[in-house]
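>>> Please find the sequence and the predicted model below.
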Amino acid sequence: MASKEELVRFLDERVFDRILNASAEKYDGKKGDDLKYVQQRTRSEKERYHKYGSADEVVRMYKDDLHSENAKPVNDKLKELGLPRLVDVQDEFEKKAA
């Protein structure tokens, strides 16, 4: 299994940082508001993953987040904005975590 740091770095590079670095200039009106919302939620989620104590905990919480009802509205907005979601990297993440 990859280390906690490797797993978190993977999620940062493939999901979290891409969302956080998305340019507001590409989105106007409601989509601009949606971008701000998903970026705020992503900052919290990224911070949460960095605080987990082990690779096992990162994997467990990743799997929980894939099926979280609370994450559904954020995931819907990410999809509409063309931004990555945790589910989009599931296969690669699971290979790293194996």
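Thanks, I have it.

>>> CA only for contacts and neighbour counts going forward, please
Fine.

>>> Now do the helices in this structure.
4-11, 17-20, 30-51, 55-66, 72-81, 90-97 (DSSP state H).

>>> Contact partners for Arg43?
16, 20 (CA atoms under 8 Å, 6 or more residues apart in numbering).

>>> Tell me how far it lies from Val89.
18 Å (CA to CA, to the nearest Å).

>>> From the centre of the chain, give me the residue that's furthest out.
Largest separation from the mean C-alpha position in the chain: Gly29, at 23.4 Å (CA atoms, centre = their mean).

>>> For that residue, report the pLDDT, please.
With respect to pLDDT, Gly29 scores 91.

>>> With Met1 instead?
Looking at Met1, its pLDDT stands at 86.

>>> For it, give its distance to Val59.
Noted for Met1: a distance of 10 Å to Val59, by CA to CA.
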